[in-house]
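>>> Generate coordinates for the sequence data below:
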Amino acid sequence: MGRTKGEGSFDKQVFSGGKERWRYRRNGHATYGNTKKEALDKWREWEKSEKVKVKKNPKTSKLYTFGEFCNDWLMMRSDLAYNTRKTYEDGINKRMYGFKAYDIANKQLKSLNADMFTAYFEALALTYSKETIDKQWHIVKQVLEYGMDEEVIPQFRIGKIKIPKAENIPAERQKLINYNEQTKFPLDKHIKALYDFVISNKKFADGGKVISFLSWSGLRVSEAIGLKWKNVSEDFSEIHIRQTTQKINGEFIDKLPKTQNGIRSVPIQSDEGKTILKYFADKFGREPEQYVFLNRNGSPFDRNALGKSAIRVCKSLNFEGLYSPHDWRHAYGSSQLRNGVPIEIVSRLLGHSSVQTTYDIYIHTDDKNVKEQLEKSYKNFKKNP
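Next up, the predicted model:
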């Protein structure tokens, strides 16, 4: 049998009467001829006819691929939100068509089976994180279920597809190694120093004040951007998280938090947190539908602007390694734990999906006080959940 890369395979077949003919096989279809050229020409004629079928009715063609079907499925999904559609497009374009380690996109629809997808996800696991793999599985599973319902994908047990576990994914193992090297979270002294600096120093405008507010409230950046005055109490003592906001193509888009736990109320007990809210109310007013945190142009801050503010302020204060806005959300969480607030309450205030998530994040701190309080509180929670 001869095989040229990308050109299928030739072999000789013996027919009745002892006559030999050449067979050419590629993409699950075979053609025959007295010579190799004749067999190959017949296959090419068949391929042309199949391409015509693809144009007329793709589902009847043997050449219809999984990637093509994924794109057709996505075009049909008019119900998807903008961000979800973008995620699905990336999954198909980058991690199917753009993924050369295992070309699942160009597998023929009629040839699909569970082993193919197991091999595909094993290949993904050599490059991508568990989170990315799970997102890709979410797409693939939906497409397979739809294709089987439409009877264009062979019936097989989707549950037989093996998705790699985190401990078998190199990126996750490295993440765990890095995480276990201990994480630095801002201390109470950093929280206070940051607040004093941004209140007294006009050089850094108002972005620094938003960063400081994260450490007094525990909000995510998208939650702070999306906070509106209708969700702030009259005396600034409580805020209600009802949405997150992202800047997409120059527009600010509001959407619900990812999980039900993200919808929550957070008390602002500190004078510092209340002062920052009052500062923005005095400067820009507090119309109910107005965003709380506005820049000097009267527009909401976006994530990039706040990221730059955090870097500038923290470098000015020599807070090495604390340059991310998210560090200051962690400052709030670690401060609450350090001061003896039960882990289940801290988890609720931060909007975590579970108490386990809170434990997994803060157990790696290098702050012994936080660690001791965390372990004590977690044991109590496990006894009386």
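>>> what about stretch 347-359, average pLDDT?
In this model, stretch 347-359 carries a mean pLDDT of 90.
>>> again, but for stretch 8-22
For stretch 8-22, the mean confidence score works out to 80.
>>> now swap in stretch 33-48 and tell me
If you average the pLDDT over stretch 33-48, you get 84.
>>> contacts for it?
Residues from elsewhere that reach stretch 33-48, judged by CB atoms under 8 Å, 6 or more residues apart in numbering: 8, 10, 21-24, 26-27, 29-32, 63. All C-beta spots, glycine's among them, are computed from the backbone N, C-alpha and C.
>>> okay, and for the stretch 1-150 of the chain, where does confidence drop off?
When residues are selected by pLDDT under 70, those of the stretch 1-150 of the chain lie in 1-7, 16, 27-28, 50-62.
>>> sorry, back to before: quick one, which of the contacts of stretch 33-48 are buried?
Burial by neighbour count, 16 or more other CB atoms under 10 Å: within the contacts of stretch 33-48 this picks out Gly8, Phe10, Trp22, Arg23, Tyr24, Arg26, Asn27, Ala30, Thr31, Leu63.
>>> what sits opposite the fourth one in the beta ladder?
Going by DSSP bridges, Arg23 is paired in beta bridges with Asp11, Tyr32.
>>> dump the residue contacts of it.
Arg23 is in contact with Phe10, Asp11, Lys12, Gln13, Ala30, Thr31, Tyr32, Ala39, counting by CB under 8 Å, 6+ apart.
>>> Which members of those residues define the maximum pairwise distance?
Greatest spatial distance in the contacts of Arg23: Lys12 and Thr31, 13.7 Å, computed using CB to CB.
>>> Surely Leu349 touches Arg220?
No. Here Leu349 lies out of contact with Arg220, judged by CB atoms under 8 Å, at a distance of 12.0 Å.
>>> could you pull out the strands for the protein?
When assigned using DSSP state E, the strands of the chain occupy the ranges 2-3, 9-14, 20-26, 29-33, 238-241, 244-248, 251-255, 264-267.
>>> Got the confidence number for Lys175?
Predicted confidence (pLDDT) for Lys175: 52.
>>> Make 587 the first number, not 1, from now on.
Sure, I'll start counting at 587 from here, so that last one is Lys761.
>>> hmm, back to that, ok, which of the strands of the chain comes nearest Phe685?
Going by CB to CB, the one of these nearest Phe685 is strand 606-612, 22.4 Å.
>>> Just the CA trace of the closest one, in PDB.
The C-alpha atoms that make up strand 606-612 are tabulated as PDB, following Å, rounded to 0.1, in the frame of the first residue of the first chain:
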ATOM      1  CA  GLU A 606      -6.300  -6.700 -10.500                       C
ATOM      2  CA  ARG A 607      -7.300  -3.100 -10.200                       C
ATOM      3  CA  TRP A 608      -6.000  -0.100  -8.300                       C
ATOM      4  CA  ARG A 609      -8.000   1.200  -5.400                       C
ATOM      5  CA  TYR A 610      -7.700   4.800  -4.100                       C
ATOM      6  CA  ARG A 611      -9.100   5.600  -0.600                       C
ATOM      7  CA  ARG A 612      -9.400   9.000   1.000                       C
END
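>>> Give me the angle between that strand and strand 615-619.
For strand 606-612 and strand 615-619, the angle between their directions (axes from the mean of the first three to the mean of the last three CA atoms, to 10 degrees) works out to 150 degrees.
>>> Make a markdown table from the contacts of stretch 619-634 and add distance to Ala896 to it.
Conversion of the contacts of stretch 619-634 to a markdown table gives the following (distance: CB to CB, whole Å):
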| residue | distance to Ala896 |
| --- | --- |
| Gly594 | 57 |
| Phe596 | 64 |
| Arg607 | 73 |
| Trp608 | 69 |
| Arg609 | 66 |
| Tyr610 | 63 |
| Arg612 | 56 |
| Asn613 | 54 |
| His615 | 59 |
| Ala616 | 63 |
| Thr617 | 65 |
| Tyr618 | 69 |
| Leu649 | 52 |
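>>> Now distance to Lys634 too, for the buried ones among the contacts of stretch 619-634, in TSV please.
Shown next, in TSV, are those (distance: CB to CB, whole Å):
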residue	distance to Lys634
Gly594	16
Phe596	20
Trp608	20
Arg609	19
Tyr610	15
Arg612	14
Asn613	13
Ala616	16
Thr617	12
Leu649	11
